[in-house]
Structures are given as C-alpha cells and as structure tokens.
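Novice: using only what follows, build the 3D model:
(one chain, ligands or ions: 1)
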Amino acid sequence: MSIQAMPRDYSLTGVTERAVPLDDFGIESRMDGVWWKPTLPRQEMRAFMERTDGPALVHFGLWFVLLAASAAWAVFAWGTWWAIPAFLVYGTIYSSSDARWHECGHGTPFRTQWLNELFYHISSFLTWREAYMWRWSHSRHHTDTYFVGLDPEIQVQRPADLLKIVMDFLYLRSGPPEVWRVVRNAFGRPGPDVRHFMPEAERNKMYWSSRVYVAIIVGFAIWSIAIWSFLPMMFVLLPRFYGGWLHQLLGLTQHAGLGEDTYDHRENTRTVFVNPVYRYLYMNMNYHIEHHSMPMVPYHALGQFHEAVKDQMPPAYPNLWAVYKEMIPALIKQATENENYQIMRPIPKKKDRSAGTASVAAASVDSEWIEVCSVDELNENDVLRVDHGGRIFAVCRLEGEAYHATDGLCTHEYADLTDGIVFDGVIECPLHNGRFDIVSGDAVRSPACGSLQTHPVEVRGDSIFLRVRA
Ligand code: FES
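Specialist: Prediction:
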C-alpha cells in the first residue's frame, strides 16, 4: 500500500506502518535518510559557523531591558485602559522567548556553553517548554523534519485543522496540553510519546525541572491571592497565551502547507523576509531553510548565509503577505478537499560548487599506521575526514600543533562529525549540535551521550600519521 493511500497517523505511537515502534534502539540507530545540504567551499562554510559571545550578549541584554521596561509600563498602567497596549507589548516580547529557547537549545548563539545553557533554561520556562524534554523533541524534529509518525513537532497536520490554527494565535489549543504535560511530568508520569525520543537516563532531570516550573507558577498564584489581585499572574505563563499572536504568525511560515516525507528542506520549509523588528524578536528564524539545512550557523549569521546560498534555494518570499496569500488557500484545500495537496516550491538545478568536507582516503604505510596528509593541509581548529578500511575517522588540529583523532561518526545518530566545526577543544555535530571533547572523546553536550573512541596521531617530518589499530 502506498504511503499516500494510508490514513495519516502523526502520533509517534500510532498503529500505521509509519509509526515508530516502542523501541528506542530502533529509532536512534536509524539514519536512512540523507538530507540535502547547500554546498560552499569549506573555509567559507566554516566562517558562517564561527561562534562568538558578543552579538548574543548585546541581543539578550536588550531583550531583557525591553521585557523589564514593558513590564514596568504594564504595572503602572494597571487599572487603566493603557494596560491593554502595555500588556500586549509585554506579552509579545515575553512570547518571543520561544525563539530564544530555540536558539539556545541549538547551543549556537553564545560561544560559551554555560551562557547558552543559562539562557536556554530561562527561555524554556518563559515559553513553557520543559527544557530537557524539548531538547530531545527538537533533535527528533531536525532528524525527521515533517516525516509523518516520526517528527513530534509537525505544527499543521493534515487534514489541516483551521480552527486550531486560528485558536493558536492565542495559544488556546496547543497551550493547555503543554501546561498539562508539565504537570504530568512533575508527577513523574510522562506521556507515551515522550518515551520515544527521550532516553530513560534524562527523564529524572525532566521531572525535577517540571517541578520547578510548577512551583514558580504556584508561587505567583499564592502571591496573587495574598494581595487579592490578578496582577502577578499576568507576568508569567499567561503572557504566552495573550501575547502569542506574533509567535503563531511567524511560526506558521516555517512549514505549513509544504511537503511531508521528503529529505529536502527546500520542499518542506520556507524562507521569508520580514521587517527588522520581527527579525529581532524571531532571532532570524525567518531564514528557516538555511537554519534546517545548516543548524550550526548561529542566528546572527543566517542573513549572510542566505546571501551565499540563495542560488541553491527556492526564491525567498518577499514578505509575510506573500506567504499567507499562498498558504491560506492551500490549508483550506487540505482541510476541505484534498489533504494530499501541498505547495510545490521551485528547486534550482544542482550547482555543486565544492565539497563542504575536506577528506582523504588514506592508504596504509604499515598494518597500524596510515599517512593522512601534510601538516599544511590541516588548519588550526579544523577537521579532516579520513576513510580507511571501511571506517571513518575525524583527524583534528587544535590551537598550535596539537593533532588528535576520534571516530568520525557521532554516537547519537551517526552524523558525519567532519561536517561539523572545531572550537575550544570540542567538535560539534552538524545534525543536532551535540559536542565531544576532542582529546578524551567524551560527550560534553546532549543529545550526544556516548563517548567517541580516540586514536593516536603523530607528526613525522611534514606529515600527519594516524594509528588505525588499537
Ligand atoms: S547525530 Fe545527533 S548530536 Fe550528532
């Protein structure tokens, strides 16, 4: 039976053959799809992936100032008609915490990891996405973007539920289940879907973080009752509802009405130009094809990255109106006539400008060691893929003359680590931004959990040698 002829079952625990079995190993060991990637010379690509703290410190500093200023306005305006615009502004800024949750979840805005983690946890609470669970959910979204029964984050499922789409401008359909989910997790009772994408070892953290979320809300509720005023409750959680309109307006442009079950983000994802205010609040996620195809590019570089690869992409939509005038009829059609209908984007013909990964297929010099390349061929903070004897190795050069090697495939979902970047002694996976210490091979950022095997490297004369047998 063809996929299209079957009823769609978007749940990860469904009964159709698209559903994922209750078998974590079966899921995490599956890498049967190869996503399309834009091609650029490796050094150019590396420059876009470069990490720095400066832009994000300014960005987040301004964001907290705006949030605090709008909160102060709302307090002063409480009891007057000015409270309506004041809370609208506060709620809109507050709800844009979702974009901050997303970016920090990828670990890309800051070079310093603890800053990413700090702002990730603050933003997760504000946007009410429990931090640990949603990190795993979003990893799955990047592995299986818009694959029915595999992706837990398909925002508009077919046939399109138009009422839900409209209600979610105030987060009224998706919000209450999310609140309930955190309460459930706080009692240590996750839903069955969570068990599909989250390892057992991570769940305790999820339970405790859910308890903190619930405790904060209960604290605000007690405060409201004590002073006999609804005002404190207007500042946490509720803004995600009454101020959620912009999040929905921009979020719908990401994938709605486009393809499903394709390994090409140009067919299931959109890029649209929006005004600078929206771009700031949305942290450049309007460049969504670029983000999905290269999640290692930080938000502040996405505009320039778009310019570099736009000839490999469908044309970007010039504004939100251009998206909505195409998307609304498509969703109505999916809802009323033909759920298989989808918008087809023009895909440019392949222009292969240069391989994104430096690689060599090395020959043995004896039964243990292979010559990889000359030292000039491997720059500082860079990685070289070495294929030998059916295995893939990542040979890295850190600052100075420090050469190290690890296995070349990520222990999470077996992405090619040599497509990733090297900085501060770690190599970052291109698929879900997991990180490994290059010297020890230890996994230092989830979703990567298992360590990499390391391999001895030597410099002899001008050449780098790798030991391929333990
Ligand atoms: S494949 Fe998921 S972090 Fe590497």
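
Novice: mind listing residues that contact the helix or strand containing C104?
Specialist: Applying DSSP states H and E as the criterion places C104 in helix 97-106. Outside of helix 97-106, the residues within contact range by Cβ atoms under 8 Å, 6 or more residues apart in numbering are 60, 63, 109-110, 116-117, 119-120, 122-124, 126-127, 129, 134-135, 138, 247, 251, 281-283, 285, 295, 298-299, 433. No exception for glycine: its C-beta is placed from N, CA and C like everyone else's.

Novice: can you show me the CA trace of that helix as PDB?
Specialist: What follows is helix 97-106, C-alpha atoms only, in PDB (Å, rounded to 0.1, in the frame of the first residue of the first chain):
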ATOM      1  CA  SER A  97      11.200  33.800  24.400                       C
ATOM      2  CA  ASP A  98      10.200  30.900  22.200                       C
ATOM      3  CA  ALA A  99      12.800  32.000  19.600                       C
ATOM      4  CA  ARG A 100      15.400  32.300  22.400                       C
ATOM      5  CA  TRP A 101      14.500  28.800  23.700                       C
ATOM      6  CA  HIS A 102      15.000  27.500  20.200                       C
ATOM      7  CA  GLU A 103      18.400  29.200  19.500                       C
ATOM      8  CA  CYS A 104      19.900  28.400  22.900                       C
ATOM      9  CA  GLY A 105      18.600  24.800  22.500                       C
ATOM     10  CA  HIS A 106      20.900  24.500  19.500                       C
END
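
Novice: what parts of the stretch 51-200 of the chain come near the ligand?
Specialist: S139 (Cβ under 6 Å from any ligand atom).

Novice: show me where the stretch 51-200 of the chain has its helices.
Specialist: 54-77, 83-95, 97-106, 113-127, 131-143, 162-167, 175-186, 194-197, 200-227 (DSSP state H, counting those that start in this stretch).

Novice: residues of the longest one that come out buried?
Specialist: Along helix 200-227, these residues count as buried under the neighbour rule (16 or more other Cβ atoms under 10 Å): 202-203, 205-207, 209-211, 213-214, 217, 220.

Novice: pretty sure I289 contacts T271?
Specialist: Yes: assessed by Cβ atoms under 8 Å, I289 is found in contact with T271 at 4.7 Å.

Novice: overlap in contacts, those two.
Specialist: 313-314.

Novice: tell me who's in contact with V236.
Specialist: 126, 216-217, 220.

Novice: give me the phi and psi for it.
Specialist: phi -130, psi 140 (degrees, to the nearest 10).

Novice: break the chain into its domains for me.
Specialist: Domain assignment of the chain by automatic domain parsing yields the ranges 24-336, 359-467.

Novice: reformat the ones you listed as JSON lines; add mean pLDDT and distance to S11.
Specialist: As requested, the domains of the chain are exported to JSON lines (pLDDT from 0 to 100; distance: least, Cβ to Cβ, whole Å):
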{"stretch": "domain 24-336", "mean pLDDT": "94", "distance to S11": "7"}
{"stretch": "domain 359-467", "mean pLDDT": "89", "distance to S11": "21"}
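
Novice: rebuild those domains as a markdown table, extending it with distance to L12.
Specialist: Formatted as a markdown table, these follow (distance: least, Cβ to Cβ, whole Å):
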| stretch | distance to L12 |
| --- | --- |
| domain 24-336 | 4 |
| domain 359-467 | 16 |
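
Novice: give the buried residues for the strand or helix carrying E371.
Specialist: Using DSSP H and E, E371 sits in strand 369-374. Applying a neighbour-count criterion of 16+ other Cβ under 10 Å, the buried positions in strand 369-374 are 369-370, 372-373.

Novice: what is the next helix or strand after that strand packed up against?
Specialist: Using DSSP H and E, the helix or strand that follows strand 369-374 in sequence is strand 382-388. Packed against strand 382-388 by the contact rule (3 or more Cβ pairs under 8 Å, 6 or more residues apart in numbering; DSSP states H and E) you find strand 359-361, strand 369-374, strand 391-397, strand 421-423.

Novice: show me the contacts for the residue in the stretch 51-200 of the chain positioned nearest to the ligand.
Specialist: Nearest residue of the stretch 51-200 of the chain to the ligand, counting by Cβ to the nearest ligand atom: S139, 5.9 Å away. By Cβ under 8 Å, 6+ apart, the residues touching S139 are 197, 412, 432, 447.

Novice: which residues of the stretch 301-450 of the chain lie near the ligand?
Specialist: Counting by Cβ under 6 Å from any ligand atom, the stretch 301-450 of the chain sits next to the ligand at 410, 412-413, 415, 429, 431-432, 434, 447-448.

Novice: how about the closest residue to G244 other than its chain neighbours, what does it touch?
Specialist: Spatially, and ignoring its direct neighbours in sequence, G244 is nearest to Y171 (4.0 Å; Cβ to Cβ, 6 or more residues apart in numbering). Residues near Y171 by Cβ under 8 Å, 6+ apart: 240-241, 244, 247-248.

Novice: top of those by number of neighbours, please.
Specialist: G244 (25 neighbours; other Cβ atoms under 10 Å).

Novice: what is the neighbour count of the nearest residue to N319 once chain neighbours are set aside?
Specialist: Distances taken as Cβ to Cβ, 6+ apart place F273 nearest to N319, at 6.2 Å, with adjacent residues excluded. Residues near F273, counting by other Cβ under 10 Å, number 16.

Novice: can you check the one 10 residues further on too?
Specialist: Here the count is done by other Cβ under 10 Å, and M283 has 24 residues near it.

Novice: looks to me like I464 is in a strand.
Specialist: Yes: I464: assigned to a strand according to DSSP: H, G, I helix; E, B strand; the rest coil.

Novice: quick check: the nearest residue to it once chain neighbours are set aside vs the ligand, distance?
Specialist: Distance criterion Cβ to Cβ, 6+ apart; nearest residue to I464, sequence neighbours excluded, is V372 at 4.5 Å. For V372, the distance to the ligand equals 23 Å [Cβ to the nearest ligand atom, to the nearest Å].

Novice: so V372 makes contact with V386?
Specialist: Yes: using Cβ under 8 Å, V372 is in contact with V386, at 5.5 Å.

Novice: who's in contact with the residue nearest to T454 when sequence neighbours are not counted?
Specialist: Sequence neighbours aside, G441 is the residue nearest to T454 in space, at 4.3 Å (criterion: Cβ to Cβ, 6+ apart). By Cβ under 8 Å, 6+ apart, the residues touching G441 are 406-407, 451-454.

Novice: put the buried members of the residues you listed into a PyMOL selection.
Specialist: The PyMOL command for the buried members of the contacts of G441 (criterion: 16+ other Cβ under 10 Å) is given here:
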select buried, resi 406+407+451+452+454
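
Novice: quick one: which of the contacts of G441 is nearest the ligand?
Specialist: L452 (10.5 Å).

Novice: list the contacts of the closest one.
Specialist: 406-407, 411, 417, 436, 441, 443.

Novice: which members of these occur in strands, if any?
Specialist: Mapping the contacts of L452 onto strands (DSSP state E) picks out 406-407, 436, 443.
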